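Visitor: Fold the following and give me the result.
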Amino acid sequence: MKKINRRKFLNDVCPAIAISMVGASFLESCSKGGDDENLDVSLDTDSSPESSGYTVEDNVVEIDLNHPAFASLNSDQWMNFTAQQILILKISDSSYRAFTNSCPHQGVRNAWSYDQSESRFVCSRHGNSYPSDCTTLGTNGYVLECYNAVLAGQKLQITKP
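Guide: Numbers count the residues shown, from 1 in each chain. Below you'll find the model as predicted:
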């Protein structure tokens, strides 16, 4: 019988089940880290693309930046988009970067904060930090995996590998 890591199973499976039941806004407000202030908790159970603010086609996630679920990008300049396992960083009004939200150290997905003064994502599980330049090694010798992010009007398209 194959052993399954309980925490990994819950981290991998539960967000997908929860998003199908309560929508992205609720899950986003459950993440930990610097995005815990001024939470907008919505129990909107309408799972149509218009209600969630994003669509997924193959490996491309398209986000409507005008949707309330993504408002924290304007105020905090970053967010942990747990429903799609992506960290999103606003560089400027016309530039964004996207990363996996899986910590290279132990795969933690919802324990992130962002240190603006150092331009680094910090995993609060063990304090490892990762620069947001997509090339520089983090404190444990790994680079946080980057995804291609392209802004087209008010739609942000993120391509996962």
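
Visitor: Now for this structure, the helix or strand with the poorest mean pLDDT.
Guide: Within the chain, no helix or strand scores below helix 24-28, which has a mean of 43 by mean pLDDT, DSSP states H and E.

Visitor: and the closest residue to His126 other than its chain neighbours, what does it touch?
Guide: Leaving aside its sequence neighbours, His126 sits nearest to His105 (C-beta to C-beta, 6 or more residues apart in numbering; 6.0 Å). (C-beta placed from N, C-alpha, C; glycine too.) Counting by C-beta atoms under 8 Å, 6 or more residues apart in numbering, His105 makes contact with 123, 125-126, 128, 140, 142.

Visitor: okay, His105: pLDDT?
Guide: His105 is assigned a predicted lDDT (pLDDT) of 90.

Visitor: for it, phi and psi?
Guide: Main-chain dihedrals, His105, degrees, to the nearest 10: phi -80, psi -60.

Visitor: cool, and the one 10 residues further on?
Guide: Torsion angles at Asp115 (phi, psi; degrees, to the nearest 10) stand at phi -90, psi 100.

Visitor: nearest spatial neighbour of it, skipping sequence neighbours?
Guide: Excluding the flanking residues, the one nearest Asp115 by C-beta to C-beta, 6+ apart is Val122, at 5.6 Å.
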